[in-house]
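> Here's my sequence, what's the structure:
(one chain, ligands or ions: 1)
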Amino acid sequence: MVDKAHCKAGSVTAHYRRSMKLHGPELPAGLVEAIHGARQVVALTGAGISVESGVPTFRDAQSGLWARFKPEELATPEAFRRNPKIVWEWYAWRRQLVARVEPNAGHRALVEWERRVPHFTLITQNVDGLHQRAGSRDVIELHGNLARTRCFEEDVLVDRWEDTGEIPPRCPRCGGWLRPDVVWFNEMLPPEAIERALEASRACDVFLSIGTSALVHPAASLPFEASACGATVVEVNPDDTPLTAHVHFRLRGPAGVMLPTLLTALGPAPG
Ligand code: APR
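Here you go, the predicted model:
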């Protein structure tokens, strides 16, 4: 499945790279001006930025996780209570999947962008840790991280437990079940993460919405907050989303092609 997703993403990326070679990367002058003048930039990412690494999205009609699995059976606290073993194993499978892949050109472009502007805030809905592996230092994780574990009973992070073979494993302190440290449907986002995300969105000059279907709130409301406060909003996505009609600029293509193009438009890195 990883390979399939990878092949599909690879061929789409190759298609865009070929067509850009023919026509040259065309960025609207207003967009180039906006990114040049920006002192505060926010990037909000979703599953689409990791597609070119070989990680499936959630809502792609063919390869998306929610096309093959039911969120109400795997991604809610009720599902975990009903069937903790299946839920734990599903997340263990996804943890192994992301451990086998590498960050891509889109992740790396954001690392470089962070170095080029005085204030750069990276907000992600992804739980795959690929931004951090690419080198991004300060990542606001709205939906947690697959690599961390917490106690279902006490709601505290747990980094060590005894492997007795029981699935899910038990909390060494209270004996309750351990769960992945991700935000499930019907759960609150980490308050500090959403507060920081809102603050940065309201203060930025340029807001980039990258590889997200812009359907899941509160993340989906961030570009609207930014726009209401005067930011230039840019969407990077090969497909339309509910946000598309509201953005100032849209770059229709894969993040692994479009983000390096934007970076090139910023000019050479200062020496
Ligand atoms: N580059 C950029 N965007 C892409 C690419 C690509 N190479 N390939 C696909 N996309 C876009 C799709 O067009 C889609 O709009 O990425 C988006 C992925 O959307 P979703 O699968 O809905 O992922 P996301 O927006 O991150 O989902 C939000 O929903 O299920 C929950 O908790 C889960 O964090 C997730 C949240």
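
> CA atoms for contacts and neighbours, from now on please.
OK.

> Give the burial count for Leu122, as a bare number.
22 (other Cα atoms under 10 Å).

> starting at the chain centroid, how far to whichever strand or helix holds it?
Assigned by DSSP states H and E, Leu122 belongs to strand 119-124. Distance of strand 119-124 from the chain centroid (Cα atoms, centre = their mean, to the nearest Å) equals 11 Å.

> Can you tell me what sits against that strand?
Outside strand 119-124, the residues within contact range by Cα atoms under 8 Å, 6 or more residues apart in numbering are 39-46, 113-114, 138-143, 197, 200.

> Within reach of the ligand, which of those residues are there?
Near the ligand, judged by Cα under 6 Å from any ligand atom, the entries from these are Gly46.

> quick one: pLDDT of the residue of the chain most remote from its centre?
For the chain, the largest distance from the centre (Cα atoms, centre = their mean) belongs to Thr164, which lies 33.5 Å off. Per-residue pLDDT puts Thr164 at 95.

> that older thread, could you identify the helix or strand that succeeds the strand holding Leu122?
As assigned by DSSP H and E, the chain's next helix or strand after strand 119-124 is helix 130-134.

> Report all helices and strands that the helix or strand where Leu208 lies contacts.
Using DSSP H and E, Leu208 falls within strand 206-210. In terms of contacts (3 or more Cα pairs under 8 Å, 6 or more residues apart in numbering; DSSP states H and E), strand 206-210 is packed against strand 40-45, helix 222-228, strand 232-236.

> Could you export those to TSV, including columns for mean pLDDT, distance to Ala67 and mean neighbour count?
As requested, these are arranged in TSV below (pLDDT from 0 to 100; distance: least, Cα to Cα, whole Å; neighbours: other Cα atoms under 10 Å):
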stretch	mean pLDDT	distance to Ala67	mean neighbour count
strand 40-45	98	21	24
helix 222-228	98	26	21
strand 232-236	98	23	25
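
> Select, out of those, the one closest to Glu187.
Nearest to Glu187 among the helices and strands packed on strand 206-210 is helix 222-228; the distance by Cα to Cα comes to 18.4 Å.

> and that closest one, is it in reach of the ligand?
No - no part of helix 222-228 sits near the ligand under the criterion Cα under 6 Å from any ligand atom; the closest distance found is 12.7 Å.

> Distance of the closest residue to the ligand within the stretch 51-200 of the chain relative to Val101?
Proximity of the stretch 51-200 of the chain to the ligand (Cα to the nearest ligand atom) peaks at Phe58, 3.4 Å away. According to Cα to Cα, to the nearest Å, Phe58 and Val101 sit 17 Å apart.

> ditto for Asp205
33 Å.

> Ok, Gly54 next?
Distance of Gly54 to Val101, given as Cα to Cα: 7 Å.

> Equivalent analysis for Pro180, please.
Separation of Pro180 from Val101 (Cα to Cα): 20 Å.

> With Gln40 instead?
31 Å.

> Same check on Ala79?
For Ala79, the distance to Val101 (Cα to Cα) stands at 28 Å.

> With neighbour numbers in mind, choose between Gly54 and Val101.
Per other Cα under 10 Å, whichever of Gly54 and Val101 has more neighbours is Gly54, with 24 against 17.

> I figured the more buried one was touching Arg100, is that so?
No - using Cα atoms under 8 Å, Gly54 is not in contact with Arg100; the gap is 9.2 Å.

> Now stretch 205-215 - C-alpha only, CSV.
C-alpha atoms of stretch 205-215 as CSV (Å, rounded to 0.1, in the frame of the first residue of the first chain):
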residue,chain,number,x,y,z
ASP,A,205,1.3,38.7,6.7
VAL,A,206,1.1,35.5,4.6
PHE,A,207,-0.8,32.3,5.4
LEU,A,208,-0.1,29.1,3.4
SER,A,209,-2.7,26.3,3.5
ILE,A,210,-0.8,23.3,2.2
GLY,A,211,-2.1,19.8,1.5
THR,A,212,-5.3,19.9,3.6
SER,A,213,-8.8,19.3,2.5
ALA,A,214,-9.8,22.2,4.8
LEU,A,215,-12.7,20.3,6.3
